[in-house]
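*Asks:* have a look at this fold, sequence not included:
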């Protein structure tokens, strides 16, 4: 799957869940699958084969995290080599992506915005600029918005708007200084997207 082009709300309707691709719109009553609209506009799918279900789960996760096929397959190969369950390891790698951490820290309204911040050199990891959205954070890493970046003001505004949202417990936030410390790796229960990761494992294991 290539980069998302055109209206991205169609992906939420296709998979029947909020993928949070449009930032603030996803939290408003303008979201096309928001129950507050009176009805949920979901693209109905025809009955699919087992392979079709596996492919659907994989593509759903790729869209959610904004990952291309080559990157996704690399994460799966890493997940297989790790101890534990391959599917859970895969989701853990995706959660540890720097763009996901920036989004979960409430500095960006979407993962796409988080990618932009990282590409523009606005994010520091342990005091050093990291401009790769796919960078995998480690336990003990300190992630910070660069103090001299133009994104500082924007990030503080988003943090203020998101007071009702919680930063995941595997991250220790310092909202005043726009920092987070990685305390541990995320667990399966802390992955927010509803997905049957075993279908993805079965797909790549053929």
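*Replies:* Everything's here; your move. The structure presented is a predicted model; accordingly, all values stated were derived computationally and were not measured. Residues are numbered from 1 along each chain as shown.
*Asks:* OK, contacts around the residue positioned nearest the centre of the chain?
*Replies:* Centroid check for the chain by C-alpha atoms, centre = their mean gives residue 65 as the closest residue, at 3.9 Å. Residue 65 makes contact with 94, 97, 100, 111 under the criterion C-beta atoms under 8 Å, 6 or more residues apart in numbering. C-beta: built from backbone N, CA, C; applies to glycine.
*Asks:* which one of those residues is nearest to residue 56?
*Replies:* Taking C-beta to C-beta as the measure, residue 94 is the one of the contacts of residue 65 closest to residue 56, at 16.9 Å.
*Asks:* so how far is residue 144 from the closest one?
*Replies:* Taking C-beta to C-beta, to the nearest Å as the criterion, residue 94 is separated from residue 144 by 22 Å.
*Asks:* which one's more surrounded, the two?
*Replies:* Just comparing residue 94 and residue 144: by other C-beta atoms under 10 Å the higher neighbour count belongs to residue 94, 24 against 20.
*Asks:* identify the residue spatially nearest to the more buried one, adjacent ones excluded.
*Replies:* In space, not counting the residues next to it along the chain, residue 94 is nearest to residue 65; the distance is 4.9 Å by C-beta to C-beta, 6 or more residues apart in numbering.
*Asks:* now the nearest residue to residue 116 once chain neighbours are set aside: phi and psi?
*Replies:* Using C-beta to C-beta, 6+ apart and skipping residues adjacent in sequence, the residue nearest residue 116 is residue 108, 8.0 Å away. Dihedral angles of residue 108 (phi, psi; degrees, to the nearest 10) stand at phi -140, psi 150.
*Asks:* didn't residue 108 look like it was pressed against residue 157?
*Replies:* No: shown here, residue 108 and residue 157 do not form a contact pair, counting by C-beta atoms under 8 Å, at 11.2 Å.
*Asks:* for this protein, what spans make up the helices?
*Replies:* Shown for the chain, the helices assigned by DSSP state H span residues 9-15, 24-27, 50-65, 69-81, 86-95, 98-104, 111-119, 151-161, 197-204.
*Asks:* would you mind splitting this protein into its domains for me?
*Replies:* Following the assignment in automatic domain parsing, the chain carries domains at 9-92+192-204, 97-182.
*Asks:* how about these in CSV, adding mean pLDDT?
*Replies:* Conversion of the domains of the chain to CSV gives the following (pLDDT from 0 to 100):
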stretch, mean pLDDT
domain 9-92+192-204, 78
domain 97-182, 96
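*Asks:* other residues contacting stretch 198-206?
*Replies:* Judged by C-beta under 8 Å, 6+ apart, the contacts made with stretch 198-206 from elsewhere in the structure are 51, 53, 54, 55, 57, 58, 61, 73, 76, 86, 87, 90.
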